[in-house]
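Q: Following is a predicted model, sequence given first.
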Amino acid sequence: MQNENRRESNMSRPFKVLGIQQVAIGGESKEKLSKFWVDLMGLTKVSDYKSEKENVDEDILSMGNGPYKVEIDLMQPIDPNKSPKVHDPKLNHIGLWIDKLEECVDYLTKQGVRFTPGGIRKGAAGYNVCFIHPKGNEEFPLCSEGVLVELVQAPEDVIKALG
């Protein structure tokens, strides 16, 4: 009976989580993070992103190819005393490829999931994104239980490969 309920719930969900898009790691120094992830582990830096509003200076690395590529974002705060504190916790957030981002956000909001302010917007890598808040509140009690989760609109090649 429990499996049937789970299947019914899955059938009514208007979106699909396709895979991991990114893992964001924060630290006080991108140099130290880069020493490990680029110099020692061999990942490739593909771009960088800086936002005063988001208090972040980040290097965007990649591993894998095509639709199977995963980003590793190395983030340091522009001002360590301001929020958001992208370096605390060190594993800042994970990003998930979503096939239908707008439908996903609408569905999850109706279920009582709390999102961070800002709604759907362009992310550092150019995809539409939004974030599930790590903590619930009275109005939206459901959350990702302590982990910031970025939902990322998957491009067609990723949807085709992973869908």
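A: Yep, that arrived.
Q: now stretch 64-79: mean pLDDT?
A: For stretch 64-79, mean pLDDT rounds to 95.
Q: Can you tell me what sits against that stretch?
A: Stretch 64-79 is contacted from outside by 20-30, 33-34, 37, 43, 50, 52, 55-63, 85-87, 92, 95, 124-125, 157-158, 160-162, using CB atoms under 8 Å, 6 or more residues apart in numbering. C-beta: built from backbone N, CA, C; applies to glycine.
Q: Narrow the residues you listed to those that are buried.
A: Buried subset of the contacts of stretch 64-79 (neighbour count, 16 or more other CB atoms under 10 Å): 21-27, 30, 33-34, 37, 43, 55-62, 86-87, 92, 95, 124-125, 158.
Q: Among the contacts of stretch 64-79, which lie within strands?
A: 20-26, 50, 56-63, 92, 95 (DSSP state E).
Q: Thought Leu18 was touching Gly163, still the case?
A: Yes - judged on CB atoms under 8 Å, Gly163 makes contact with Leu18 at a distance of 6.0 Å.
Q: shared neighbours of the two, anything?
A: By CB under 8 Å, 6+ apart, Gly163 and Leu18 have these common neighbours: Asp99.
Q: the more surrounded of the two?
A: Leu18 (18 against 13; other CB atoms under 10 Å).
Q: now the helix or strand hosting that one: mean pLDDT?
A: Element membership of Leu18, judged by DSSP states H and E, is strand 17-26. Per-residue pLDDT values across strand 17-26 average out to 96.
Q: quick one: buried residues of stretch 142-151?
A: Under the neighbour-count criterion of 16+ other CB under 10 Å, stretch 142-151 has 143-144, 148-151 buried.
Q: How are the helices of this structure distributed by residue range?
A: 2-12, 30-34, 101-111, 156-162 (DSSP state H).
Q: Quick check: Phe36 vs Leu61, distance?
A: As defined by CB to CB, to the nearest Å, Phe36 lies at a distance of 11 Å from Leu61.
Q: Show me the beta-bridge partners of the nearest residue in space to Glu71 that is not next to it in sequence.
A: Excluding the flanking residues, the one nearest Glu71 by CB to CB, 6 or more residues apart in numbering is Gln22, at 3.7 Å. Gln22 has these beta-bridge partners by DSSP bridges: Glu71, Gly95.
Q: In this structure Gln22 contacts Leu91, no?
A: No - between Gln22 and Leu91 there is no contact, the gap being 11.7 Å when judged by CB under 8 Å.
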